[in-house]
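Visitor: Pasting the sequence and the predicted coordinates here, then a few questions.
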Amino acid sequence: MITVSGLDGAESLEAAVRAVEMGRLVLAIVDAEDSFLAIETLLSYVDERNVAKMQQRLANALIGGMSQQLLPRENGTGRVAAYAYYMNTDGVKNLLREERWERWLPCYRAASVSRNEHGGCGV
């Protein structure tokens, strides 16, 4: 298992994906507001000519993603941890490969709000 404190550029992304492709489990932190934006952040590190190839590699490499935030409590006293996650199902892999974020984002956000990991979406 390899842990990466931050995937913050093309070199670290390439090294992490290559390790996964060689059969290693890689746990990494990406500085982003949610898991969806983390994937966009990762793809922003890649040269435009290689984005489609990296989308394919990420679709094959990812197991899932999780995000967490501290939100104010409804009663105004303190904060509470809120989290959302996705599993890289065949539907999610297809959306990632085809860069059809407009279909994925509403499902992910619905899952985050409703605390239902499936979000009622067929992905």
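Guide: Structure received.

Visitor: Now do the contacts for the spatially closest residue to G65 that is not a sequence neighbour.
Guide: Nearest residue to G65 in three dimensions, chain neighbours excluded: S35, at 3.2 Å (C-beta to C-beta, 6 or more residues apart in numbering). In short, each C-beta sits where N, CA and C put it, glycine included. Going by C-beta atoms under 8 Å, 6 or more residues apart in numbering, S35 touches G65, M66, S67, A84, Y85, Y86, Y108.

Visitor: now D31
Guide: So D31 contacts G6, D8, T41 (C-beta under 8 Å, 6+ apart).

Visitor: Check M66 too.
Guide: The contact partners of M66, by C-beta under 8 Å, 6+ apart, come to S35, Y83, A84, Y85.

Visitor: got a winner among these for most neighbours?
Guide: In terms of neighbour count, A84 stands highest of the contacts of M66 at 22 neighbours, by other C-beta atoms under 10 Å.

Visitor: and that residue, what element?
Guide: Assigned by DSSP states H and E, A84 belongs to strand 79-87.

Visitor: so which pair among the contacts of S35 is furthest apart in space?
Guide: M66 and Y108 (11.4 Å; C-beta to C-beta).

Visitor: For those two, list the residues in contact with both.
Guide: S35, A84.
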